[in-house]
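# When you get a sec, could you give me coordinates for this:
(3 chains)
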Amino acid sequence: MKKNLLLISILILFSLSPFLTSNNFLIRFLTDILIFSILASSWNIIGGYTGYASFGNVVFFGIGAYSTSILMSNTGLGFFVSMILGGIIAALFALLMGLPILRLKGHYFAIATLGVAEAIKALVQNLNITEGNSGIYLPPPEMSVDGIYTFFFYVTLIVLALLLFLTSIIFKNKFGYNLKAIRENEDSANSMGINTTIYKSAAFSLSGFFSGLAGGIYAFQQGFIKPEPVFNVLITIKMIVMSVFGGLGSLFGPLIGAFTIETISEFLSSYFLVAHTLFLGIVIILMILFAPKGMLDIFINIRKKGLSYFRKNIEEHRV
Amino acid sequence: MEKDPVILSAKGLTKKFGGLTAVNNISFELKRGEILGLIGPNGSGKTTLVNLLAGNLRSAGGEIYFNGISIKGLPPYRIGRIGVARTFQIVKPFPGMTVLENIAVGAMNGRSGKKRTIKKAFSIAEEVLEFTGLSNDSGSLAENLSVASRKKLEMAKTLAMDPEVIFFDEVMAGLNHKEIDRSTEIIQKIRERGISVLMIEHVMRAIRSITDRIFVLHHGNKIAEGTPEQVLNDSEVIKAYLGKRYEQLIK
Amino acid sequence: MTLQILINGILKGGLYGLMALGMSLIWGVMNIINIAHGAFIMIGAYITFLLFNFTGIDPFVSLIFSSSIMFLIGYTIQRGIINLVIRAEIFITLILAFGIEIFINNAALMIFSADVRKVKVSYGASNFNMFGVTIPYVRLIAFLLAIAITIILFFFMTRTKSGRAIRATSQDLDGAVLSGVRVSRIYAITFGIGTALAGAAGTLWAIIFPLSPTMGGSLTLKSFVVTIIGGLGTMLGPVIGGLTLGIVESFGTNWFGTTFESLISFSILVIILIFRPKGILGKGKE
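Take a look at the predicted model:
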């Protein structure tokens, strides 16, 4: 309870930050953290709680971004309607792709999701409606410069709050328990009367819906999108790394992960213009080696076991 | 209307793997409130038969009826929901969840899951916990349980599903005498609740003391059926399955 | 014309098969999907490029260098890094391999810049005609070498002690441990061979196609496609998979245009995974 209180007060403080600083660069950076928090929390629903490690979740982000862009620039729909439609399209795509692919397990599921994401990227690069590799411009928001930064910060914050609220309710209820049961042992879950296909598809769609919303926000914020950056596999990798780093299958874990990884990335890219991605690679390698169970696990156990925690972790997983 | 005395039956059930016939033309009836034993040497097709009955294996010949309705070809979750529960020979707990949560998942799903709120499901799980003697392990993760407790958890999960029929697949294997007696007692009490039981078991002490009838599989064929007395003294059964070891066991 | 497209597909397919051979070996033996595979191919290609530009070593000769250097790199990476988490959940090793790939790609970008390079050998353009089909010598030689390397690996796996130990480990880990096989060493050798094969594929690639530090990503994905088509656990799998992908891609790009190349291969990947997850040669479904 104490821990939750602390977290909630941090979140409140965080949500007031546009009033505490007039530094637009900082607000933009915090918005990026929020976008990645949405993405990582969405990944956590299918990868963390349900146990299906998707390596293609960026496809929902991309579909959300493209749907929003196309709707806004071609049909004249407003941002919010377009964003929500973008989320719904991403969710439907998740459902459609999930039905055949969620039957696969482990590596095969990982590769299939990766393959779908790459295939959709290639398709977007070749379609007329998406304007191929030349990209799409979105109508700019009609606001003051400072207003724009605050606007995106709060839109993202609201979507994240909604996602966290939904997730916390779901995982206190049957839906959440059944997803965990599927993760822990799918055969047993099935025999106990859980329609695993429906539950997995629902989890995947939910994951897709919120990733799609994040994509819509991103597109409108950028004002211009191209296939390569919005379908970049590195975004999926970041979602996974953030979830793992923060602690899989926990509500606030992905947020902690997003905050840490984005801060490290930002720090690296401001000090090493060219090499920052290289360092990101090193961070990922070190994190997997030393903290495969996430940061919370380290904090809990390092007090009890000291440095032997790391040795034990490695002993457990090596041959 | 009088209820059909037979709750579950199979007619001419046959399953082939490649050229091997694992289950050959098996028919049997499970009566309401009965404990039916299923025995046979390793590889005789017992688990295959249960997998067919519970929907874990499909595309077989023959028919399966539950309460007079054909359930052959239904997926496991549908069979679980209409009131047929099973345990797994190699136990399949939800290792990262607590024992109470493991059981509660059964209570949320199964036959009566739709009618139960989450709170109700947990209170039923508490009851089942008590009933199976797992109360002390309530909060521990299933992965940390002893072998005996894991077997009990396997039973508890099925019980929470509020089933009419349970298949127990070797829930006593690997237990010591005291634990076997305890599990025997639990199964006895399960029957007293009106649940019909089909149990695969190698522990003869248990089979002999609680089953009403037994049938024997050998190479996928049913070679004997009857009361424990009849079957366990049947010369063909002794020859096929129990061999010399049986005489030692009796002593 | 059709025959020309078919031959082009077959020649490229042989190379695809060699590319996937290493990935399929590592995947089959230690259940790791090496996302960094394409990055290793890229290193092999750059070794060949550097040797040719600075010492004038013929790219076909540099096969020996690229594969032995890559063996050492692979052996070390497995021993020092991957082995530490090999028993963790599968996506952990996947992410680790991604980390390695990001590191290698960006290191290469810093060293070589994003420029596209080419190994310009004097005989690069010579070709011959047969039944109205034009066949460049380098492509034919690369194809034959790819097949030869596959055959050598086959003999290594079936006739040598190390090869048998690798196969035993992949079939029955516990049994292999009981019979005294040092698994960590076997895994490191396997990974080394896998990366050596990637290095060799990189060399042959560099002789025929241009190279850049970011070429690895798409080659990793193509290696997946080939591995999935062929299925795990056989030597013939990658060859069949490679030829299939080569031919389909060749005809596909001829009909739809070259921009559709990756769409075609990923569509094959997804379709095969859905309908025959164990590959064309694999038996039954997952």
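# which residue sits closest to the closest residue to chain A within the stretch 101-250 of chain B, ignoring its sequence neighbours?
Residue nearest to chain A within the stretch 101-250 of chain B (CB to the nearest CB): B:Asn109, separated by 3.7 Å. C-beta: built from backbone N, CA, C; applies to glycine. Ranked by CB to CB, 6 or more residues apart in numbering or on different chains and with sequence neighbours excluded, the top spatial neighbour of B:Asn109 is A:Gly193, at 3.7 Å.
# Now do the same contact list for that neighbour.
Residues counted as contacts of A:Gly193 (CB atoms under 8 Å, 6 or more residues apart in numbering or on different chains) are B:Tyr77, B:Gly80, B:Arg81, B:Asn109, B:Gly110, B:Arg111, B:Gly113, B:Met161.
# before we move on, back to that, model confidence for the residue of the stretch 101-250 of chain B closest to chain A, exactly?
For B:Asn109, the model assigns a pLDDT of 95.
# Report the separation between it and chain C.
Distance, B:Asn109 to chain C, by CB to the nearest CB, to the nearest Å: 25 Å.
# Touching, B:Lys3 and B:Gly33? I think so.
No: using CB atoms under 8 Å as the test, B:Lys3 is too far from B:Gly33 to be in contact (10.7 Å).
# more crowded one of those two?
Using other CB atoms under 10 Å in any protein chain shown as the criterion, B:Lys3 and B:Gly33 rank with B:Gly33 on top: 15 against 9.
# which SS class is that one?
Recorded secondary structure, B:Gly33: coil (DSSP: H, G, I helix; E, B strand; the rest coil).
# In this structure it contacts B:Gly194, no?
Yes: the pair B:Gly33 and B:Gly194 qualifies as a contact (CB under 8 Å) at a distance of 5.9 Å.
# residues near the residue of chain B found nearest chain C, how many?
Here chain B gets closest to chain C at one residue, B:Gly18, 10.3 Å apart by CB to the nearest CB. Counted with other CB under 10 Å, residues neighbouring B:Gly18 total 6.
# nearest spatial neighbour of the residue most central in space within chain A, skipping sequence neighbours?
Nearest to the mean C-alpha position of chain A, counting by CA atoms, centre = their mean, stands A:Leu39 at 1.5 Å. The shortest distance from A:Leu39 to any non-neighbouring residue, by CB to CB, 6+ apart, is to A:Met239 (4.8 Å).
# in what helix or strand does the one you found lie?
Using DSSP states H and E, A:Met239 sits within helix A:233-246.
# Report all helices and strands that that helix contacts.
Counting contacts by 3 or more CB pairs under 8 Å, 6 or more residues apart in numbering or on different chains; DSSP states H and E, helix A:233-246 is packed against helix A:24-43, helix A:58-70, helix A:106-126, helix A:253-271, helix A:276-290, helix A:295-305, helix C:90-112.
# Can you name the next helix or strand after the longest helix seen in chain B?
The longest helix of chain B (DSSP state H) is helix B:177-192. Note on helix B:177-192: by DSSP H and E, the next helix or strand toward the C-terminus is strand B:196-200.
# does that following strand come close to chain A?
No: using CB under 8 Å from any CB of the partner chain, strand B:196-200 stays clear of chain A, with a minimum separation of 14.5 Å.
# Kindly report the residues of the stretch 151-300 of chain A close to chain C.
Contacts of the stretch 151-300 of chain A with chain C, taken as CB under 8 Å from any CB, map to A:233-234, A:237, A:240-241, A:244, A:274-275, A:277-278, A:280-285, A:288-289, A:292.
# Please check those and keep the buried ones.
Among those, those classed as buried by 16 or more other CB atoms under 10 Å in any protein chain shown are A:233, A:237, A:240-241, A:244, A:275, A:277-278, A:280-285, A:288-289, A:292.
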